[in-house]
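**Student:** Build me a model from this:
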Amino acid sequence: QSPIPNPQSPIPNPHIWYYIRFKKFYKKTTKKINNFFIYLNNKMLLLNISPIYLRCGALIENSEMLEKELDYYKEQFLYIKPDMMLNFNSKKLLLFQFNYFSIEKFKKSPDYEFLEKFEVIKDIDLDEKESKLLERNLFNHKDSTTILSEPRNKSKIPSCYYCGRITGKKENLIYKLFQKKCVKYGTSTDLSIKAIDYINNNFSKSFFSLPKESIGNLVRVGNSKNNTNKTLSKEYIKLKKDLYPYILSTGDEGNNIYRVDSVDSHTKIGSSVIGSTTIWSLFNLTCDYEDLEFAMKEAFKGNNEHVDLSVGDIYGGNYSGVGLDSSLIASSFSKINVTDKNLIENKDMGKALAIFYGVTYSRVSAMLASKEKINRILISGDTYDSLELMQMIESSIDTYSGNEINTVFCDYSNFLAIIGMVVELNKDGIL
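**Tutor:** The predicted structure is shown next:
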């Protein structure tokens, strides 16, 4: 937990209490974070730079240290989320990601400010008991400034490979995190297609779909728990020789859509302005969320009846003439201006945004796949580990295509470019 001073502290002097509290915090959390970065300093590092996340892959020989700490990193890390580890030839590929906005939030927190500027205040009056207490708890806090500090010797910094768009600010952040310089290698789309082909030929289980559900059962007002009691689970499928051709729908920025005829042949056939950055901006603006995976989990616990206008709001009940249930959404966000804002929680607005995103994101992909006469769409990029959102996308594509197009997801969707980079670096003899 954060070392925020406790007003009920039994220690009379809050500065001393704060110091001791920070020591415990440092030993439990900060030191482990430093150890993680130190461990990665001499490893081959691969980066996919997206607008929201810095996705990373590290090739490691011995994962024993990390495997012991993996649960700790997943649950306790301040701004890093290790996701998974894959076997690749004789090495392991550790996949993890940062949320840029969580990093910025941490840098503005009292913890980081204290971590950077830490110094025992000398001009305070301490009695003998407090002096002895402080003396017993002294520790070398300077070691803790490794995190996000400037590199010690930039001329000796090793390189790491990246794809995606990089800015000076992000490049500097990578310097600070990993003590490495960035070397461009390929594009996210090309590398993702290489990865899909490699996964299809080498992984026994990775591609999946979700149980079919009528879009009318999903696009409703109310709490999701009232609409269905089913527990979602992945239904794994094998594609193998049936992989090509397919439509690749990516969503890291806008929604870019490609026709893929082979591992070496793809064509961009369309795009949409609505992608993951769109939904993140709306979540951040209206719900004050900074972690989209958390935001999506919360969203499907919400109740959007005070946000979205339903058929019942218009007709006073079911519209039996055309078979519309009263709970179906007639117009997204249309009740906000006529509703007491105190009745709308963040997760309620999030629920409305998630439905809006899932339905609109799917439309262009389904239309273009139908035009190309291809019956499979593979969704790549941010689905925020939300099976509910994936089912919303899948059901929307079913509706728009008349149930003629199959929607496929991949366990490694967020890290396809990283896996593709490993495949291509290995071919080029760089690994």
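
**Student:** going forward, measure contacts and count neighbours with C-alpha atoms only.
**Tutor:** Fine.

**Student:** Mean pLDDT per helix and strand in this structure: which one sits at the bottom?
**Tutor:** Here the helix or strand of the chain ranked lowest by mean pLDDT, DSSP states H and E is helix 224-227, holding a mean of 50.

**Student:** In its sheet, which strands sit next to the helix or strand following it, and in what direction?
**Tutor:** Scanning forward in sequence from helix 224-227 by DSSP states H and E, the next helix or strand is strand 235-236. Applying DSSP bridges, strand 235-236 is found paired with strand 207-209 (antiparallel).

**Student:** Now do the same contact list for residue 51.
**Tutor:** Residues in contact with residue 51 (Cα atoms under 8 Å, 6 or more residues apart in numbering) are 252-253, 277.

**Student:** Show the pLDDT at it.
**Tutor:** Residue 51 is assigned a predicted lDDT (pLDDT) of 80.

**Student:** Report the separation between it and residue 319.
**Tutor:** Distance of residue 51 to residue 319, given as Cα to Cα, to the nearest Å: 43 Å.

**Student:** same check, this time on residue 305
**Tutor:** With distances taken as Cα to Cα, residue 305 is found 18 Å from residue 319.

**Student:** More neighbours: the two, which one.
**Tutor:** Counted by other Cα atoms under 10 Å, residue 305 and residue 319 do not tie: residue 305 has more neighbours, with 24 against 14.

**Student:** That one and residue 89, how far apart?
**Tutor:** 52 Å.

**Student:** Equivalent analysis for residue 270, please.
**Tutor:** Residue 270 is 37 Å from residue 89, by Cα to Cα.

**Student:** biggest helix in the protein, by residue count?
**Tutor:** Secondary structure assigned by DSSP state H gives helix 346-372 as the longest helix of the chain.

**Student:** after it comes which helix or strand?
**Tutor:** Using DSSP H and E, the helix or strand that directly follows helix 346-372 along the chain is strand 376-380.

**Student:** contacts for the helix or strand just after that next one?
**Tutor:** Proceeding N to C from strand 376-380, the next assigned helix or strand is helix 387-401, under DSSP H and E. Applying Cα under 8 Å, 6+ apart, the set of residues contacting helix 387-401 from outside is 210-215, 218, 232-233, 296, 300, 354-355, 358-359, 361-363, 365-367, 370, 383, 403-407.

**Student:** Take the contacts of residue 51 and write them to a markdown table, including pLDDT.
**Tutor:** Putting the contacts of residue 51 into a markdown table (pLDDT from 0 to 100) gives the following:
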| residue | pLDDT |
| --- | --- |
| 252 | 76 |
| 253 | 77 |
| 277 | 82 |
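
**Student:** Return the residue of this structure that is most distant from the centre.
**Tutor:** What lies farthest from the middle of the chain is residue 128; by Cα atoms, centre = their mean that is 50.7 Å.

**Student:** how long is stretch 275-294 end to end?
**Tutor:** 18 Å.

**Student:** chain center to that stretch, what's the gap?
**Tutor:** 11 Å (Cα atoms, centre = their mean, to the nearest Å).

**Student:** contacts for it?
**Tutor:** With contact meaning Cα under 8 Å, 6+ apart, stretch 275-294 is reached by 51-52, 99, 101-102, 251-255, 295, 346-347, 349-350, 353, 357, 361, 382, 384-386.
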